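Chemist: For reference, the sequence and a predicted model appear below.
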Amino acid sequence: MFKINSITDAQSASIDLKNPTTGELLGASIELAGPEHPQRKSIEFAKQRKMRQSIQKTGKFELTDPAEDELDAIDKLVSCTLSWEGICADDGTPIPFSREAAAKLYGTEGLGWLRAQLYNALEERERFIKACVQS
């Protein structure tokens with residue numbers, strides 16, 4: 001028998017960062033908002049509203065500039081980041097989490113691997129589902 005609340009959506013998930021070439025854990029994690037998190041839903045709904053307004057206004061689907069798309073994707077990543085642990089500057093000094101620090105980190109040239117890891121995690125719905133033990 002399946003108990004309906006034995007599986008629920010998690011509001012967030014911790015993503016353990018991995019070396020992109022070896023798969024080795026890096027000792028750092030980033031907490032991302034899941035698809036059902038109010039902050040993430042707000043971002044998604046705002047994007048959909050903007051697109052719908054554009055279509056209603058012109059009657060056409062307008063493609064955006066790829067550079068603008070990249071900035072939007074970084075903004076989404078910043079907005080979906082709730083916290084982090086183990087992120088340090090090159091000298092080993094911990095970088096405290098803030099939206100500004102996240103924007104700077106995710107916008108840093110050469111860290112496309114980090115953005116890709118987090119974008120992929122955002123799309124993996126199963127990361128944001130938890131099974132509850134019920135008797």
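Modeler: Thanks, I have it.
Chemist: Which helix or strand contains Asn120?
Modeler: Using DSSP states H and E, Asn120 maps to helix 112-123.
Chemist: and the next helix or strand after that helix, how far from the chain's centre?
Modeler: Along the chain past helix 112-123, the next helix or strand (assigned with DSSP H and E) turns out to be strand 129-131. In terms of C-alpha atoms, centre = their mean, to the nearest Å, the centre of strand 129-131 is set 18 Å apart from its chain centre.
Chemist: ditto for stretch 99-114
Modeler: Distance of stretch 99-114 from its chain centroid, counting by C-alpha atoms, centre = their mean, is 12 Å.
Chemist: swap in stretch 81-96?
Modeler: In this view, stretch 81-96 has its centroid 17 Å away from the chain centroid, taken as C-alpha atoms, centre = their mean.
Chemist: May I see the buried residues of it?
Modeler: By neighbour count, with 16 or more other C-beta atoms under 10 Å as the criterion, the buried positions of stretch 81-96 are Thr81, Leu82, Trp84, Ile87. Using the backbone N, CA and C atoms, a C-beta is placed for each residue, glycine as well.
Chemist: Could you work out the end-to-end span of it for me?
Modeler: The separation between the terminal residues of stretch 81-96, taken as C-alpha to C-alpha, to the nearest Å, is 13 Å.
Chemist: can you pull out the helices in the chain?
Modeler: Assignment of helices within the chain using DSSP state H yields the ranges 38-58, 66-80, 99-106, 112-123.
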